[in-house]
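[1] let's see this in three dimensions:
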Amino acid sequence: MSNWPIKLSGIVLMLSALLVVYCSFVNRELAHEWQALGQTHTQLQEEYGRLMLEYSTLAAPSRIEVMARNKLKMVFPNKDNTRVIQLNSY
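    Sure thing, here's the model as predicted:
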């Protein structure tokens with residue numbers, strides 16, 4: 001009787017054990033990467049919220065009006081400097 005089935009099963013068992021260890025290692029690395037990406041996602045969401053708040057503040061109509069009046073010296077037109085143009089319809 002030969003021992004090759006026992007040796008083969010030992011080799012298969014050893015390879016299986018090594019693959020379990022490797023898969024566990026890869027799984028842990030992926031879990032760490034996933035956690036880091038989750039933290040990055042949270043930071044980016046917070047930054048996006050801050051940017052949206054800043055944008056809404058900068059684009060507020062009242063702020064635009066103040067800048068137009070102060071920096072560009074713009075004023076609302078009154079009836080003396082307003083003209084109505086009528087177009088002929090065909």
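
[2] where does the chain have its least confident helix or strand?
    The weakest-scoring helix or strand in the chain, judged by mean pLDDT, DSSP states H and E, is helix 61-70 (a mean of 92).

[3] and that one, how far out from the chain's middle?
    Relative to its chain's centre, helix 61-70 lies at 32 Å (CA atoms, centre = their mean, to the nearest Å).

[4] pull out the buried positions in it.
    For helix 61-70, a neighbour-count test (16 or more other CB atoms under 10 Å) marks nothing as buried. (Each C-beta comes from the backbone N, C-alpha and C, glycine too.)

[5] just the residues contacting it, thanks.
    57, 74-75 (CB atoms under 8 Å, 6 or more residues apart in numbering).

[6] minimum pLDDT in those residues, which residue is that?
    Within the set of the contacts of helix 61-70, pLDDT is lowest for residue 75 (89).

[7] tell me who's in contact with that one.
    Residue 75 neighbours (CB under 8 Å, 6+ apart): residue 69.

[8] how much space separates it from residue 66?
    Residue 75 sits 13 Å away from residue 66, going by CB to CB, to the nearest Å.

[9] repeat for residue 76
    To residue 66, residue 76 is 13 Å away according to CB to CB.
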